[in-house]
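>>> any chance you could fold what I've pasted below:
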Amino acid sequence: MTGLEEHGLDLSDGLEDVPVLCRGPTFPKFKYCTDNVPGPGCSVSPSEVTLPGCSCLTRSCRPESCSCLQTYGQAFDSTGTLLNLGRLDSDYCSPVFECNALCSCGDSCSNRVVQRGLRLRLEVCSTGNKGWGVRTLEEIPRGTFVCEYAGEVISFAEAKRRQLSQTAEEMNYIIAVREHAGAGAITETFVDPALEGNVGRFLNHSCQPNLLMLPVRVHSVIPRLALFAGHDINAQEELTFDYSGGYRTRQPAEHTAAAHVVTTPGAQRKVCHCGANNCAHFLPLDLSILS
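Numbers count the residues shown, from 1 in each chain. Modelled structure (predicted):
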């Protein structure tokens, strides 16, 4: 943490292995959490271990012998980089499962990525007309895990209550992830980092983002909303993702085995200031949470 004082405040207050820097005359008020926490209506604790583990005794799991990789597929290479980024150009998004607390493999297993937490130097900073934002202080290679979008896991009813109680001036942070598993089955997860959250709560929307969000399951059936670099990212570049769940020109999948990520920024359309060539001029809007 050398020179932390000259760079700014650590918003995580030491909870992250790498400080989350923030510079400014005022600092946002919220409770920092590194992982999802149970909120109103959450029926399963996000920290509860509910998935089976593998019996691998090797330093890192191998597809030919690991029950986790054989059951769920291999999502990361030996360096922990996300595989099959080409799938971003399709409507399909393969499910991602990591080894968990019940697995016999070591902490250095390449199938343990998101659970290791923040590893990059990020800074929360003012972006002018977009308010707070996040930029990286180092280069990020394509496929690298960047951070989670962590917060309170709440029920649909609570998400609706919170949305309806907000004024037009208040910021909304609720993310709804809908996973379509086929045969009409849909799993919904609602995460709100407004009161308790991590650095992900400060990420801005872009119609041409450099991050993509994927639900990743580690110990619990409740997914972690993990953000990965969609392409190589330069130091000092602002980090963004598409609030509608798309990536570049690809639209979020509606009826496939995919994660449909949407936000609910209120009944009023809010102007988008991302500046992308393909800017839609308004932030994505999902009214289903209000129905």
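
>>> tell me where this structure has helices.
Under the criterion DSSP state H, helices of the chain are mapped to 4-7, 67-72, 156-165.

>>> closest to residue 79 out of the ones you listed?
Proximity to residue 79, assessed across the helices of the chain by C-beta to C-beta, is greatest for helix 67-72 (15.9 Å). To be clear about C-beta, it is placed using only N, CA and C from the backbone, and glycine gets the same treatment.

>>> and the closest one, what does it pack onto?
Where contact means 3 or more C-beta pairs under 8 Å, 6 or more residues apart in numbering; DSSP states H and E, helix 67-72 is packed against strand 96-97.

>>> list the contacts of the strand it packs on.
For strand 96-97, the surrounding residues in contact (C-beta atoms under 8 Å, 6 or more residues apart in numbering) are 51, 68, 71-72, 75, 214-218, 226.

>>> each with direction, which strands does it pair with?
Within its sheet, strand 96-97 is paired with strand 211-217 (parallel), according to DSSP bridges.

>>> circling back to that earlier point, any chance of the helices of the chain in CSV, with mean pLDDT too?
Output for those, formatted as CSV (pLDDT from 0 to 100):
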stretch, mean pLDDT
helix 4-7, 53
helix 67-72, 95
helix 156-165, 91
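
>>> pLDDT below threshold where in the stretch 101-250 of the chain?
Counting by pLDDT under 70, the stretch 101-250 of the chain shows low-confidence ranges at 181-182, 184, 246-250.

>>> what is the neighbour count of the closest residue to residue 17 other than its chain neighbours?
Nearest non-adjacent residue to residue 17, counting by C-beta to C-beta, 6 or more residues apart in numbering: residue 117, 6.1 Å away. Look at residue 117: counted by other C-beta atoms under 10 Å, it has 18 neighbours.

>>> please shift the residue numbers so they start at 873 in all later answers.
Will do, 873 is the new start, and the previous item becomes residue 989.

>>> show me the contacts for residue 989.
Contacts here follow C-beta under 8 Å, 6+ apart; on that basis residue 989 touches 888-889, 906.

>>> most neighbours out of these, which is it?
Neighbour counts for those peak at residue 888, which has 19 neighbours (criterion: other C-beta under 10 Å).

>>> surely that one touches residue 988?
No. Assessed by C-beta atoms under 8 Å, residue 888 is found out of contact with residue 988, at 11.0 Å.

>>> now do the contacts for residue 1141.
By C-beta under 8 Å, 6+ apart, the residues touching residue 1141 are 1154-1155, 1157.

>>> try it again at 6 Å.
By C-beta atoms under 6 Å, 6 or more residues apart in numbering, the contact set of residue 1141 is 1154, 1157.

>>> tell me the spacing between it and residue 1152.
10 Å (C-beta to C-beta, to the nearest Å).

>>> just residue 916 next, same as before
Here residue 916 is placed at a distance of 35 Å from residue 1152 (C-beta to C-beta).

>>> before we move on, what about residue 1105?
Residue 1105 is 22 Å from residue 1152, where distance means C-beta to C-beta.

>>> give me the more crowded residue out of these two.
Set residue 1105 next to residue 1152 and count neighbours by other C-beta under 10 Å: residue 1105 wins out with 22 against 13.

>>> touching, that one and residue 1010? I think so.
No. Residue 1105 sits out of contact with residue 1010 when judged by C-beta atoms under 6 Å, with a separation of 9.2 Å.

>>> count of neighbours near residue 1150?
Using other C-beta under 10 Å, residue 1150 has 10 neighbouring residues.

>>> gap between it and residue 955?
To residue 955, residue 1150 is 27 Å away according to C-beta to C-beta.

>>> same question, residue 881
Residue 881 sits 36 Å away from residue 955, going by C-beta to C-beta.
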